Structure formats: C-alpha cells, structure tokens
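*Asks:* Just the structure for this:
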Amino acid sequence: MAYNPSTDDQIEVIEPTLNAAELAELASDLRSAEVDCAPIGRLSDRYPCMTVVDSYEVQLLNIRAREEAGTVVRGHKIGLSSRAMQIMMGVDEPDYGHLLSDMFVPEHVPIQASKLCAPRVEVEIAFVLQETLPGIGCTIADVLRCTDYIVPALEIIDSRIQNWDIGLVDTIADNASSGLVVLGSARTDPSSVDLRTVGAVLRKDGDIIATGASGAVLGNPAAAVAWLANKVHSFGVRLEKGHVILPGSCTRAYDVAAGETVRADFDVLGSVTTTFK
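*Replies:* Below you'll find the predicted structure:
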C-alpha cells in the first residue's frame with residue numbers, strides 16, 4: 001500500500017492479498033463503471049479472498065488516477081457510522097472514502113441523475129477544518145478546536161456495483177460508495193451546539209420521508225471525525241486544513257431520481273436543498 005508516514009511514526013505495513021495486476025483490474029473496472037454508468041458485479045464474488053486492505057488499495061488507485069487527471073482531494077467521508085449499518089455489514093468499525101473537488105455541487109445547480117448509477121441521499125453535518133487534525137490520539141476536543149464551522153449537507157451516495165448488492169470490501173473499493181456532495185450556506189460554530197442532539201428532517205418534494213438525529217453517528221459526529229483522523233493516520237494521511245469531513249448520515253439512505261427535490265432541515269444548523277434533473 002502507499003504510505004507516507006513522518007519519520008517519527010511507526011506504522012505497520014500490511015500488504016494486499018491480491019497482486020498488482022488484479023488490483024489494477026478491479027480499479028479499472030470500477031472506473032469504467034462510473035464513467036459509463038454501467039454497474040458491475042460484486043468484486044468479492046470475483047475474488048473471494050479479497051480483504052479490506054485490498055479494497056483500500058483499489059480505492060487509492062482510482063483516487064491517484066483522478067488526481068493525475070486534475071482533480072484535488074478536498075476531504076473525506078465516513079461510511080457505516082451507525083451501529084445498525086455495522087451490524088448489517090458484519091463489521092465493528094466504520095469505513096471511509098475520499099471527497100474530490102469534482103464531487104461538490106452548489107445548491108442552485110441541479111444534479112444530472114443520468115450521470116449516476118443508482119443515487120441515494122443521506123443527511124449529514126459537514127465539518128470544515130481550520131487546522132489540520134492530529135492523527136494518533138485525536139479526540140472530540142481536538143475536532144472542535146480544529147473545526148472552522150459546520151454546515152448542513154446532503155451526500156449523494158452511488159454504487160458502481162449492480163443493485164447495491166455490496167459487501168464491505170465492495171463498498172470500500174468503490175470509494176465507500178461516494179458520489180456527490182451538496183453543502184448548505186449556513187455556517188455554525190460547532191462548540192455552540194450540542195452535536196449529540198441535533199435533529200434532522202429529510203423531505204422529498206415537500207413530503208417528510210425521514211427524521212433522525214446526529215446521535216446516530218457514533219453518538220456524536222465529532223467522535224466520528226476523531227475516529228477518522230486516527231484511522232487514516234495508519235495510512236500516513238492527515239485530515240488537513242480546509243478539508244470537508246462528512247461523518248455519516250443522521251438517517252438511512254433514500255433512493256432519488258430525476259424530477260425530485262430533496263431538502264434536509266436541521267434544528268439549529270439551517271437547511272440544504274438539491275434538485276435532480
């Protein structure tokens with residue numbers, strides 16, 4: 001795997017199970033599936049021995065390819081942050097993916113649904129960092145200190161695996177099923193609210209389809225961000241100043257389609273809206 005630790009770090013390098021050609025094949029197939037909007041079968045069916053380490057390597061291969069094409073890493077997202085989702089996937093911790101510059105869509109710009117495979121919407125509280133987070137030992141207090149502001153967000157997740165028939169290694173390889181991100185305009189100091197109790201309402205075309213609370217995200221979204229800072233440190237990565245961090249959804253994900261408008265309203269954080277065309 002690609003590690004870039006500082007000289008003071010002692011990081012155990014765990015090698016992939018799959019060889020370089022197999023990893024490159026999977027990355028290429030996922031890349032083509034995204035470009036062509038043509039989902040593929042489960043990677044884990046093709047390679048039953050595939051591990052989480054293999055999956056993160058596939059993810060990194062595609063992130064590097066997109067960076068070489070001119071996109072920039074603007075943050076990270078956490079998946080499987082609710083206990084219910086972890087139980088469903090048979091895991092005991094979340095996973096993560098990268099947020100790239102071409103994933104961010106302004107609220108007033110409609111999203112072209114036909115350019116996505118099978119979009120679903122999630123309700124999130126986005127953290128925008130004013131300082132780079134520490135790695136090992138990062139705490140909730142560190143997250144609050146290093147966060148410039150939080151904003152309401154909609155994450156449009158998508159799967160390049162047919163019918164969302166995914167296991168853990170499939171979604172990690174597929175950049176944690178990342179798609180697009182829409183950020184609201186209202187900015188809030190995270191220390192001014194109780195991040196454990198923020199309520200959220202999700203509406204589709206004006207009708208309420210879900211309610212939830214920030215406590216569904218590891219009990220506190222800031223705890224999820226701290227977990228991520230510790231986790232990516234093992235890969236020689238830091239959560240950097242200016243990055244956007246999505247800690248996980250306050251509700252389950254809901255399918256969306258062309259012609260629909262989705263809005264999330266938060267108790268004290270404002271709202272965020274997007275439209276699909």
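*Asks:* what's near enough to touch the residue lying closest to Y47 once chain neighbours are set aside?
*Replies:* Closest residue to Y47 apart from its sequence neighbours, by Cβ to Cβ, 6 or more residues apart in numbering: L18 at 6.1 Å. (C-beta placed from N, C-alpha, C; glycine too.) For L18, the contact set (Cβ atoms under 8 Å, 6 or more residues apart in numbering) comprises 26, 47, 49-50, 54, 57.
*Asks:* State whether L18 is indeed within a helix.
*Replies:* No: counting by DSSP: H, G, I helix; E, B strand; the rest coil, L18 is located in no helix; its state is coil.
*Asks:* if I look at it, how far off is A113?
*Replies:* Distance from L18 to A113, counting by Cβ to Cβ, to the nearest Å: 33 Å.
*Asks:* got the residue ranges for the strands in this protein?
*Replies:* Per DSSP state E, the chain carries strands over the ranges 73-79, 95-100, 120-129, 147-157, 180-183, 199-204, 207-213, 244-246, 254-255, 261-266, 270-275.
*Asks:* The fourth one to strand 261-266, inter-axis angle?
*Replies:* So the one you mean is strand 147-157. 150 degrees (axes from the mean of the first three to the mean of the last three Cα atoms, to 10 degrees).
*Asks:* residues contacting P247?
*Replies:* By Cβ under 8 Å, 6+ apart, the contact set of P247 is 78, 81, 124-125, 127, 217-218, 221-222, 224-225, 228.
*Asks:* got it, and V151?
*Replies:* Here V151 is in contact with 125-126, 128, 183-188, 269-270, 272 (Cβ under 8 Å, 6+ apart).
*Asks:* Buried ones in stretch 105-125, by neighbour count?
*Replies:* By 16 or more other Cβ atoms under 10 Å, the buried positions in stretch 105-125 come out as 105, 111, 113, 116-125.
*Asks:* Quick check: R187 vs I111, distance?
*Replies:* Taking Cβ to Cβ as the measure, R187 falls 23 Å from I111.
*Asks:* typed the wrong thing, it's L99
*Replies:* Between L99 and I111 the computed distance is 16 Å (Cβ to Cβ).
*Asks:* Equivalent analysis for G135, please.
*Replies:* From G135 over to I111 the distance is 34 Å, taken as Cβ to Cβ.
*Asks:* Likewise for I40?
*Replies:* 23 Å.
*Asks:* Find the residue closest to I136 in space, skipping its chain neighbours.
*Replies:* Distance criterion Cβ to Cβ, 6+ apart; nearest residue to I136, sequence neighbours excluded, is H233 at 5.3 Å.
*Asks:* Could you list the low-pLDDT ranges of the protein?
*Replies:* The chain contains residues with pLDDT under 70 at 1-14, 82-92.
*Asks:* Next up, the contacts around the residue nearest the centre of it.
*Replies:* For the chain, the residue nearest the mean C-alpha position is K77 (2.7 Å; Cα atoms, centre = their mean). K77 makes contact with 96-99, 155, 176, 178, 181, 245-246, according to Cβ under 8 Å, 6+ apart.
*Asks:* rerun that using 7 Å as the cut-off
*Replies:* 96-97, 99, 155, 176, 178, 246 (Cβ atoms under 7 Å, 6 or more residues apart in numbering).
*Asks:* Verify the contact between M103 and L183 for me.
*Replies:* No: taking contacts as Cβ atoms under 7 Å, M103 lies outside contact range of L183: 11.0 Å.
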